[in-house]
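Whatever this is, show me its structure:
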Amino acid sequence: MAVEKGGSEAEQALVDQWRDMLALHARTQCELDRALHRHGLCASDFEVLDVLAESPARDVSCGFRVQEIAERVHLSQSALSRLIARLEKDGLVERGLCVEDRRGVRVALTGKGRALHGDVRPVQRAVLTRMLTD
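Numbering: from 1, shown residues only. Coordinates of the predicted model:
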């Protein structure tokens, strides 16, 4: 392993570890996108459905605030808003005003979204198992 001027072997090992993590993430994301595409979803779509499925909410008043979802799926607020709009158009989620803060928006799975999540969850988990275990 070549060590750049001013860098230590420990520093280079850290950088190599970081790059390995990025490569694993990229490969896993591609595999998830490929597997979920058959179900009309991409990995980010599924992540949102998966977060929402953790809530027993049967209506939007008990769903998650958009900010709470953004923190868990690591998307920008604007990218998440576009994704949620697409999922809503497909009938998978519903949006409503937040009761405690009229400026906020809550999101919940619809029955169709909950059913699709249940069908696709084993596919996503199988990809994660294959990609993240030795």
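
From Gln67, how far out is the most centrally placed residue in the chain?
With distances taken as CA atoms, centre = their mean, the residue of the chain nearest its centroid is Glu47 (2.7 Å). Glu47 sits 16 Å away from Gln67, taking CB to CB, to the nearest Å as the criterion. In this view, the C-beta of every residue, glycine as well, is placed from N, C-alpha and C.

Which positions in the single longest helix found in the chain come out as buried?
If you go by DSSP state H, the chain has its longest helix at helix 9-37. Taking 16 or more other CB atoms under 10 Å as the neighbour-count basis, helix 9-37 is seen to contain the buried residues 28, 31-33, 35-36.

what are the ranges of the strands in this protein?
According to DSSP state E, the chain carries its strands in the segments 64-65, 93-97, 105-109.

Mean neighbour count, these: which tops it?
Among these, the stretch with the highest mean neighbour count (mean count of other CB atoms under 10 Å) is strand 105-109, at a mean of 23.

Only C-alpha atoms, please: export that strand in PDB.
Once side chains and other backbone atoms are set aside, the C-alpha atoms of strand 105-109 remain, and they are given as PDB (Å, rounded to 0.1, in the frame of the first residue of the first chain):
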ATOM      1  CA  VAL A 105     -47.200  17.300   6.900                       C
ATOM      2  CA  ARG A 106     -47.700  13.800   8.100                       C
ATOM      3  CA  VAL A 107     -47.400  10.700   5.800                       C
ATOM      4  CA  ALA A 108     -48.900   7.300   6.300                       C
ATOM      5  CA  LEU A 109     -49.100   4.100   4.300                       C
END
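
now for it, which elements pack on it?
Counting contacts by 3 or more CB pairs under 8 Å, 6 or more residues apart in numbering; DSSP states H and E, strand 105-109 is packed against helix 43-53, strand 64-65, helix 66-73, strand 93-97.

That strand - which strands sit beside it in the sheet, and in what orientation?
Strand partners for strand 105-109, identified by DSSP bridges, are recorded as strand 64-65 (antiparallel), strand 93-97 (antiparallel).
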